[in-house]
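Trainee: Test case, fold it:
(one chain, ligands or ions: 1)
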Amino acid sequence: MNKIEHIGIAVKSFEQAIPLYEKLLNTPCYKTEEVASENVQTAFFQNGPNKIELLQSTTPDGVIAKYIEKKGEGIHHIAFEVTDIQAEMKRLVEAGFTLMQEQPKKGADNKLVCFLHPKTTGGVLVELCQEIKEP
Ligand code: ZN
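Mentor: Here you go, the predicted model:
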């Protein structure tokens, strides 16, 4: 795996969280993007070589809404950049980790992503992401 690509943070409301993180990181939010398949709205901040991804639910029963209901706002996942997501998924399955999906899917910010089940990663939701290269 390469560097940590981003840290995902579950928030209740962008209205409050975006200005807060702009102030904290001293950098403007450079992009917001909806991932309709996950019922989630994302907001990105660059911080050195890494990013912060804020996640806000678009529906009352979405995964992020449920997460906040159970655990409150806060760190939701850590995303690692990989060069070849298929190869990394294969390696991790062989090493005994459980993937949450069999195929990579299209995530926010021009990425192919795959999540690992927190049961097999010491309670941390881990995301793999590979940049989609423009043809
Ligand atoms: Zn993410």
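
Trainee: Could you pull up the contacting residues of Ser57?
Mentor: Applying Cβ atoms under 8 Å, 6 or more residues apart in numbering to Ser57 gives the contacts 39-41, 63-65, 68. C-betas here are computed from N, CA, C, even on glycine.

Trainee: Tell me the first helix or strand C-terminal of the helix or strand of the chain with the lowest mean pLDDT.
Mentor: When each helix and strand of the chain is scored by mean pLDDT, DSSP states H and E, strand 105-107 comes last, with a mean of 91. If you walk from strand 105-107 toward the C-terminus, the next helix or strand you reach (DSSP states H and E) is strand 111-116.

Trainee: Partner strands of the helix or strand immediately after that following strand in the chain and their direction?
Mentor: Counting by DSSP H and E, the next helix or strand C-terminal to strand 111-116 is strand 126-131. Strand 126-131 has the following strand partners under DSSP bridges: strand 74-81 (parallel), strand 111-116 (antiparallel).

Trainee: Identify, from the contacts of Ser57, the entry nearest to Tyr21.
Mentor: For Tyr21, the nearest member of the contacts of Ser57 is Gln41. The distance, counting by Cβ to Cβ, is 14.2 Å.

Trainee: Which helix in this structure has the most residues?
Mentor: Longest helix in the chain by number of residues (criterion: DSSP state H): helix 14-25.

Trainee: Buried residues, that helix. List them.
Mentor: Residues of helix 14-25 classed as buried: 14, 17-18, 21 (neighbour count, 16 or more other Cβ atoms under 10 Å).
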